[in-house]
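Novice: coordinates only, no sequence provided:
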Ligand SMILES: [Ca+2]
Ligand SMILES: [Ca+2]
């Protein structure tokens, strides 16, 4: 390999005293040419970025507290053999209840608009697509709070890649772990996704060009074209809650659910022969189990 410098391998934080958290590889202006490097051409996130794990249910009661949910996290993986453009990708939870939590709860009618999805909250990965790349096969974990959640939880998110920080109040802001940008927000002092079962949706940067705030009669929601949807994970309260689906069937035909709130369970995408399964049906694409929360984990052979 004699050609000029092409890639600068990014660095991982080795000490929490250093104010750096870049895990990304950075593409330099001077690219090498030739067949061997053509494979490294960055691809868009669309079609290549998958939701791998969502932990939303919260932890079982322990240490004298009866509920704990600050340990929620979402993990996304690049399933391609190219870097993908991560900067500007959006991620959030859709508007609507997870089921008949209280007597008389009704599903949202927004799902009847099959050409759009309606977010209750939406975040954005900072930076531009060219500047923030996710290496082939690599993954990121996004924590509600980048903190060590023991002893209330088994999870430690000090090594998360991003956290969701809410500026208005009491939220924890880890000085090392980068914050996502808040685009649309209707939750409380922290981005708590419903422990009854959220619908997590990842959208392409193009979503931010055509999004629109709409009233629902209850609160506002953010309307985004369905064509910008990269990936989905739909969870509802239980097996009888299908009427509360927030996604139209052409985007996600089914739904998953945990055994209950504060069960300590996550939903994780099924892997078949080392390949993450995506049939656009959360009912079969995700399995419920103990959280793994490890980007280095892989059952790829
Ligand atoms: Ca937070
Ligand atoms: Ca932070």
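Specialist: Perfect, I can see it now. Keep in mind the model is a prediction, meaning the values are calculated, not measured. Ligands and ions are numbered 1, 2, ... in the order given.

Novice: mean confidence for stretch 67-84?
Specialist: Stretch 67-84 carries an average pLDDT of 96.

Novice: residues contacting the residue of the stretch 1-150 of the chain found nearest ligand 1?
Specialist: Closest contact between the stretch 1-150 of the chain and ligand 1, by Cβ to the ion, is at residue 145 (4.4 Å). C-beta: built from backbone N, CA, C; applies to glycine. Contact analysis of residue 145 by Cβ atoms under 8 Å, 6 or more residues apart in numbering lists 70, 71, 157, 163, 171, 172, 174, 190.

Novice: now do 6 Å
Specialist: 70, 172 (Cβ atoms under 6 Å, 6 or more residues apart in numbering).

Novice: quick one: pLDDT of it?
Specialist: 96.

Novice: got the residues of the stretch 51-200 of the chain near ligand 2?
Specialist: Listed as neighbours of ligand 2 in the stretch 51-200 of the chain under the rule Cβ under 5 Å from the ion: 173, 174, 177, 179.

Novice: wait, a strand at the second one?
Specialist: No: with DSSP: H, G, I helix; E, B strand; the rest coil as the criterion, residue 174 is located in coil rather than a strand.

Novice: which ones are touching it?
Specialist: Counting by Cβ under 6 Å, 6+ apart, the residues that residue 174 touches are residue 146.

Novice: how near is residue 142 to residue 266?
Specialist: 13 Å (Cβ to Cβ, to the nearest Å).

Novice: er, residue 218 actually
Specialist: 29 Å.

Novice: then residue 52?
Specialist: Taken as Cβ to Cβ, the span from residue 52 to residue 266 is 10 Å.

Novice: cool, residue 282 as well?
Specialist: Where residue 266 is concerned, residue 282 sits at a distance of 13 Å (Cβ to Cβ).

Novice: between the two, who's got more neighbours?
Specialist: residue 282 (27 against 24; other Cβ atoms under 10 Å).

Novice: the strands in the stretch 201-301 of the chain, which residues?
Specialist: 212-215, 220-225, 229-234, 266-269, 271-272, 275-276, 286-289 (DSSP state E, counting those that start in this stretch).

Novice: quick one: which of those is nearest ligand 1?
Specialist: That would be strand 266-269 among the strands of the stretch 201-301 of the chain, by Cβ to the ion, at 18.1 Å.

Novice: quick one: average pLDDT of that closest one?
Specialist: For strand 266-269, the per-residue pLDDT averages 97.

Novice: got it, and stretch 235-248?
Specialist: 98.

Novice: and it, how far apart are its ends?
Specialist: End-to-end distance for stretch 235-248: 13 Å, by Cα to Cα, to the nearest Å.

Novice: of the residues of the stretch 51-200 of the chain next to ligand 2, buried ones?
Specialist: In terms of neighbour count (16 or more other Cβ atoms under 10 Å), the buried residues within these are 174, 177, 179.

Novice: so the second one sits against residue 146, correct?
Specialist: Yes: between residue 177 and residue 146 there is a contact under Cβ atoms under 6 Å: 3.6 Å.
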